[in-house]
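1. Have a look at this prediction, sequence included:
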Amino acid sequence: MCGPFVYNGRVFTRRIDTEREGGGCTTWYLLEGPEGVVQFMMIFPGSLEPMPADVGYHSRTPRYEDQQGMGSCPQLGGDYCYYDGSTLLAQELHQKFKDSGDDPEVIWRELEEFYNDTFR
């Protein structure tokens with residue numbers, strides 16, 4: 001599903017972005033809500049197996065004490081960004097995706113949960 005939808009009273013937008021480089025590409029599953037954006041990033045290095053690279057967030061406000069900002073963020077429309085992410089979470093999400101028979105709804109459900117955990 002692309003475009004806005006309402007979940008637990010909040011409006012979200014699902015988006016998939018892909019950037020090609022050399023013989024491979026990087027794909028981001030992005031879930032945008034009022035407080036920021038969460039992502040699942042996969043790297044597809046040509047003929048090799050996909051590599052889960054990141055589950056993370058882009059926030060307009062710091063999420064923990066002394067968090068350093070990253071500057072202008074394309075995921076936040078150029079707004080100042082506070083970012084953090086995890087390769088371990090990406091590997092876990094990728095395994096759930098594979099176990100589901102590659103059902104993309106698994107990714108979106110996990111991102112919704114991650115968004116809610118991050119932006120409470």
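-> Good, I have the coordinates.

2. then the host helix or strand of Pro52 to CSV, C-alphas only?
-> If you go by DSSP states H and E, Pro52 is part of strand 51-59. The C-alpha coordinates for strand 51-59 follow below in CSV (Å, rounded to 0.1, in the frame of the first residue of the first chain):
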residue,chain,number,x,y,z
MET,A,51,22.1,-8.1,2.6
PRO,A,52,19.8,-6.6,5.4
ALA,A,53,21.7,-3.5,6.3
ASP,A,54,19.6,-1.3,8.7
VAL,A,55,16.4,-0.8,10.6
GLY,A,56,16.5,2.7,11.9
TYR,A,57,14.7,6.0,12.5
HIS,A,58,14.9,9.6,11.3
SER,A,59,13.5,11.9,14.0
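
3. quick one: low-confidence ranges for this structure?
-> In the predicted model of the chain, residues 1-10 satisfy pLDDT under 70.

4. longest helix in it, by residue count?
-> helix 104-118 (DSSP state H).

5. now that helix: how far from the chain's centre is it?
-> 9 Å (Cα atoms, centre = their mean, to the nearest Å).

6. counting contacts, what elements does that helix pack onto?
-> Applying 3 or more Cβ pairs under 8 Å, 6 or more residues apart in numbering; DSSP states H and E, we find helix 104-118 packed against strand 10-21, strand 24-33, strand 36-44, strand 51-59, helix 87-99. No exception for glycine: its C-beta is placed from N, CA and C like everyone else's.

7. Just send those back as a markdown table, with mean neighbour count and distance to Gln75 too.
-> Formatted as a markdown table, these follow (neighbours: other Cβ atoms under 10 Å; distance: least, Cβ to Cβ, whole Å):
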| stretch | mean neighbour count | distance to Gln75 |
| --- | --- | --- |
| strand 10-21 | 13 | 9 |
| strand 24-33 | 18 | 6 |
| strand 36-44 | 22 | 5 |
| strand 51-59 | 21 | 4 |
| helix 87-99 | 15 | 16 |
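
8. separation between the residue of the chain most remote from its centre and Phe40?
-> Here the chain reaches farthest from its C-alpha mean at Ser47, the gap being 23.7 Å by Cα atoms, centre = their mean. Separation of Ser47 from Phe40 (Cβ to Cβ, to the nearest Å) stands at 22 Å.

9. Okay then, goodbye and thanks.
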